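1. What shape does this take:
(one chain, ligands or ions: 2)
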Amino acid sequence: MTIAIRLNRLPHGEGLPLPAYATPGAAGMDVVSAEDVTIEPGERHPVATGFRVAIPEGYEIQVRPRSGLAFKHGITVPNTPGTIDSDYRGELKVLLINHGPDPFEVKRGERVAQLVPAAVTLASFEEVDALDDTDRGHGGFGSTGTK
Ligand SMILES: O=c1ccn([C@H]2C[C@H](O)[C@@H](COP(=O)(O)OP(=O)(O)OP(=O)(O)O)O2)c(=O)[nH]1
Ligand SMILES: [Mg+2]
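-> Numbering: from 1, shown residues only. Ligands and ions are numbered 1, 2, ... in the order given. You can find the predicted model right below:
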């Protein structure tokens, strides 16, 4: 399934490729940086992409890290998956954090993350006085498989 997402390029995004699938079977659309920036070890930086989007109502975009950057340089997205709301009209930013030992140079035009559009399921909470019992009950946080 494919949804159309309207994209508005900002002046500093001029000349950059649009987010795109690297292969026919890719789940994420690679998105490139619109800026040159160095991220020092332990630092975070909201990387500019140079565009804004209007996602159709009922959908979101998830911003996910690229495993290559994570494996080779310790560069990841601390808020993964980042959430782009359908009513957001600001610049799409990719928050990166450098978990590696070296400064990491982001070059303009370099692929920094991948965008995965997803359907949103809405819910509402109904407050009740009691819940049904289950075998698991209150067990969590590694409770299974232990005595
Ligand atoms: O990786 C991200 C995450 C968010 N955003 C933008 C789009 C999103 O719609 C908005 C708000 O994001 P979120 O709801 O995750 O942040 P919040 O801390 O809850 O802020 P807000 O109070 O603005 O919702 O920020 C990005 O550009 N990149
Ligand atoms: Mg929010």
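2. quick one, what contacts the nearest residue to Ala48 once chain neighbours are set aside?
-> Using Cβ to Cβ, 6 or more residues apart in numbering and skipping residues adjacent in sequence, the residue nearest Ala48 is Ala34, 4.3 Å away. Backbone N, C-alpha and C define where each C-beta goes, glycine included. With contact set as Cβ atoms under 8 Å, 6 or more residues apart in numbering, Ala34 has these partners: Leu10, His12, Gly13, Leu16, Val47, Ala48, Thr49, Gly50, Arg108.
3. where does Phe71 land in three-state SS?
-> When classified by DSSP: H, G, I helix; E, B strand; the rest coil, Phe71 comes out as helix.
4. So what's the residue count around it?
-> Using other Cβ atoms under 10 Å, Phe71 has 10 neighbouring residues.
5. And for Arg136?
-> Using other Cβ under 10 Å, Arg136 has 9 neighbouring residues.
6. for Ile97, same thing?
-> 20.
7. Kindly list the longest strand within this structure.
-> Criterion DSSP state E: the longest strand present in the chain is strand 44-54.
8. Listing partners with orientation, what would you give for the helix or strand that comes right after that strand?
-> Next along the chain after strand 44-54, taking DSSP states H and E as the criterion, comes strand 59-64. Paired strands of strand 59-64, with direction, are strand 82-84 (antiparallel), strand 111-119 (antiparallel) (DSSP bridges).
9. Check for me that Gly68 belongs to a helix.
-> Yes - read with three-state DSSP, Gly68 is one of the residues of a helix.
10. residue ranges with poor pLDDT in the protein?
-> Scanning the chain for pLDDT under 70 picks out the ranges 147.
11. Please name the nearest non-neighbouring residue to whichever residue of it sits closest to ligand 1.
-> Nearest residue of the chain to ligand 1: Gly82, at 2.5 Å (Cβ to the nearest ligand atom). With sequence-adjacent residues excluded and distances taken as Cβ to Cβ, 6+ apart, Gly82 is closest to Val63, at 3.2 Å.
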